[in-house]
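show me the folded form of this:
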Amino acid sequence: QVQVVESGGGLVQAGGSLRLSCAASGRTASRYGLGWFRQSPGKEREFVASITWSFGTTYYADSVKGRFTISRDNAKNTVYLQMNSLQPEDTAVYYCAAGLGTPGTVRRRYDIWGQGTQVTVSS
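Next up is the predicted model:
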């Protein structure tokens, strides 16, 4: 069974940067695409970015394009989310998720979720 564990959240001022990590474990981890979602109080969980293991194809939400970069280290089974030019509206709990094949931007295609890591951006 594949598991994912996030790390790297914290408090940062507006305009600052953070890098989140998602470590995937399990014998079949390479069959899964990994993605990041976020959820702030009173809002639905929304897609942020995702990447496939096989070709490294990336997908981004319009709200983070040009500011966030998703990347992977296959040797470490780890995916990173580099977040630059952070704004207060980026404040949320960020979740790493895994789905077989190429789940892309579709939340229901992800069936394995991490516990989440808090990102807080102060103005």
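
and the residue nearest the centre of the chain, what helix or strand is that in?
Here the mean C-alpha position of the chain is nearest to the C-alpha of Trp36 (CA atoms, centre = their mean), at a distance of 2.3 Å. Under DSSP states H and E, the secondary-structure element containing Trp36 is strand 32-39.

so what's the gap between that strand and the chain middle?
Centroid displacement of strand 32-39 relative to its chain, using CA atoms, centre = their mean, to the nearest Å, is 4 Å.

quick one: buried residues of that strand?
By neighbour count on 16 or more other CB atoms under 10 Å, the buried set for strand 32-39 is Tyr32, Gly33, Leu34, Gly35, Trp36, Phe37, Arg38. Every C-beta, even on glycine, is put in place using the N, C-alpha and C of the backbone.

identify the bridge partners of the third one.
This points to Leu34. For Leu34, the beta-bridge partners are Ile51, Ala98 (DSSP bridges).

measure it to Gln82 for me?
14 Å (CB to CB, to the nearest Å).

what's the answer for the last one, then?
In this view, Arg38 and Gln82 are 15 Å apart by CB to CB.

can you check the fifth one too?
Using CB to CB, one obtains 11 Å as the distance from Trp36 to Gln82.

mind listing the shared neighbours of those two?
Among the neighbours of Trp36, those also in contact with Gln82 (CB atoms under 8 Å, 6 or more residues apart in numbering) are Ile70.

which residues touch Arg38?
Per CB under 8 Å, 6+ apart, neighbours of Arg38: Arg45, Glu46, Val48, Asp90, Ala92, Val93, Tyr94, Tyr95, Val119.

among those, name the buried ones.
Buried residues within the contacts of Arg38, counting neighbours by 16+ other CB under 10 Å: Arg45, Val48, Asp90, Ala92, Val93, Tyr94, Tyr95, Val119.

which of the residues you listed sits closest to Trp113?
Distance to Trp113 across those (CB to CB) is lowest for Tyr95, with 5.7 Å.

wait, a strand at that closest one?
Yes - assessed with DSSP: H, G, I helix; E, B strand; the rest coil, Tyr95 lies in a strand.
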